[in-house]
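Chemist: Give me a 3D structure for the following:
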Amino acid sequence: MASIASTAMDALGKAISDRDAGQIADLWAEDIVVWHGATGVGQSKQENVGLLAGVFAVTSELQYTDIVRHEFEGGLVQQHKLTGKFDDGSPTPSLAACLVVLVNDEGKFTRIDEYFDASHFAAVFERLEALSASDA
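Modeler: Sure thing, here's the model as predicted:
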């Protein structure tokens, strides 16, 4: 039987593949902190769901591949590659990442520490900035 944390990560993978910010919001505890090693900044639920909604707006496909997990009590570490396509059909950069996650007894994420080389995600950040500029 899969652990609560593993089941939650499977649901997160599905939400990423579906590019569905609502599914992500449902997985996050109200007091979640999503910390990004690339910026050293923690985000609230609302901030992180907004960021992911922006990523989903500039992509047409996303998925976790090459997944490796190491479980511990109350959470897990997941290494993966995030791959996909931008909304114009061009490929997104393949992003090797590591997530350290804590999940509560209800299967909600309470903390995520995310590590990746931000320079590999520069093309996504550029498109997010362009999206923000067009919304202003």
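
Chemist: need the next SSE after the lengthiest strand in the chain, C-terminal direction.
Modeler: Here the longest strand in the chain is taken by residue count, with DSSP state E as the criterion, and it is strand 59-72. From strand 59-72 onward toward the C-terminus, using DSSP states H and E, the following helix or strand is strand 75-86.

Chemist: Quick check: mean pLDDT of that next one?
Modeler: The average of the pLDDT scores along strand 75-86 is 96.

Chemist: what's the answer for stretch 105-122, then?
Modeler: 90.

Chemist: list the buried ones in it?
Modeler: By neighbour count on 16 or more other C-beta atoms under 10 Å, the buried set for stretch 105-122 is 108, 109, 110, 111, 112, 113, 114, 116, 120, 121. To be clear about C-beta, it is placed using only N, CA and C from the backbone, and glycine gets the same treatment.

Chemist: And stretch 83-102, by the same measure?
Modeler: Along stretch 83-102, these residues count as buried under the neighbour rule (16+ other C-beta under 10 Å): 83, 84, 92, 93, 95, 97, 99, 100, 101, 102.

Chemist: and stretch 26-42, how far from the chain's centre?
Modeler: Averaging C-alpha coordinates over stretch 26-42 and over its chain gives two centres that are 10 Å apart (C-alpha atoms, centre = their mean, to the nearest Å).
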